[in-house]
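Participant: Can you look at this prediction? I've put the sequence above it.
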Amino acid sequence: MTARGPLGAIDELIAALGVLPGIGAKSAERLAHHIVRCPADQALRLVEAIQKVRDRVRRCQACFHLTEASNPLCSICRDPERDQGLICVVEQSQDLMALERAGSYQGVYHVLLGPLAPLKGIGPDQLTVDALEERVKAGGIREIILATNPTLEGDGAALLVHRRLAGAGIPITRLARGLASGSSLEFANKEMVADALEGRRTFS
């Protein structure tokens, strides 16, 4: 085997790791060399875990959060203890998980699958607002909480949802701005998220 072979494989692994969010060139290089050095069974567990996620994880048919392929509804939508009349609208599943870590919300969710960012190719048709409208039309919803991130794109998504649901005759609130403008729910601590939930106000 020539020296070119394994070096090419390492470079390919570094490039693959480098496209992951939050992983820069140096981090990708460190991770790649760790994978090369670690025991074979540890590396294989990583490969198998990635493969299982790709094969088994789907979007919930109700809220678009992540769920196992064997369950059309996610664990939150299936939970009889959750308040089905209270829907918290978030951009991504990571935001939902941040709210869950706060432990102060007992309603259900709706995941938009992104902010409203036309310059990045994410327009209204790429979001799940139509499905949210259908949930509201089905009845039983008492309040919609807009929990999009306090960014220009997140505010655009919130405004889109508000316009589409304004005639539904139910309160539409938004998280209090205890979350700094331009920040992300994913990186907020649980106290900040809990305060934002508690201090939500009518969307306007």
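Facilitator: That came through fine. Because the structure is a prediction, the values reported are computed rather than measured. Residues are numbered from 1 along each chain as shown.

Participant: what does the longest strand anywhere in the chain contact?
Facilitator: Longest strand in the chain, counting residues (DSSP state E): strand 83-90. Residues outside strand 83-90 that contact it (Cβ atoms under 8 Å, 6 or more residues apart in numbering): 96, 99, 105-112, 132, 135-136, 140-148, 158, 161, 185. C-betas here are computed from N, CA, C, even on glycine.

Participant: Dump stretch 36-47 to CSV, restricted to CA.
Facilitator: In CSV, the C-alpha atoms belonging to stretch 36-47 read as follows (Å, rounded to 0.1, in the frame of the first residue of the first chain):
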residue,chain,number,x,y,z
VAL,A,36,-7.9,6.4,13.7
ARG,A,37,-6.3,5.8,17.1
CYS,A,38,-9.4,4.6,19.0
PRO,A,39,-10.3,0.9,19.4
ALA,A,40,-12.0,-0.6,16.4
ASP,A,41,-15.2,-1.5,18.3
GLN,A,42,-15.5,2.2,19.4
ALA,A,43,-15.2,3.4,15.8
LEU,A,44,-17.7,0.8,14.6
ARG,A,45,-20.2,1.8,17.3
LEU,A,46,-20.0,5.4,15.9
VAL,A,47,-20.6,4.1,12.4
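
Participant: where does the chain dip in pLDDT?
Facilitator: 1-7, 177-183, 187, 189, 191-192, 195, 199, 201, 204 (pLDDT under 70).

Participant: that older thread, quick one: buried ones out of the contacts of strand 83-90?
Facilitator: 96, 99, 105, 107-112, 132, 135-136, 141, 144-148, 158, 161, 185 (16 or more other Cβ atoms under 10 Å).

Participant: Out of these, list just those in strands.
Facilitator: Using DSSP E, the buried ones among the contacts of strand 83-90 in strands are Gly107, Val108, Tyr109, His110, Val111, Ile144, Ile145, Leu146.

Participant: what pairs with the second one across the strands?
Facilitator: Using DSSP bridges, the beta-bridge partners of Val108 come out as Ile87.

Participant: Please enumerate the helices of the protein.
Facilitator: For the chain, the helices defined by DSSP state H cover 4-18, 25-37, 40-56, 75-78, 93-102, 129-137, 152-165, 190-198.

Participant: Of those, give the one that comes closest to Gly123.
Facilitator: helix 152-165 (9.6 Å; Cβ to Cβ).

Participant: Specify the angle between that closest one and strand 83-90 in degrees.
Facilitator: On the basis of axes from the mean of the first three to the mean of the last three Cα atoms, to 10 degrees, helix 152-165 is oriented at 140 degrees to strand 83-90.

Participant: How far off centre is helix 152-165?
Facilitator: The chain centroid and the centroid of helix 152-165 are separated by 16 Å, computed with Cα atoms, centre = their mean, to the nearest Å.

Participant: helices or strands next to that helix in the packing?
Facilitator: If you count contacts as 3 or more Cβ pairs under 8 Å, 6 or more residues apart in numbering; DSSP states H and E, helix 152-165 packs onto helix 129-137, strand 143-146, strand 172-174.
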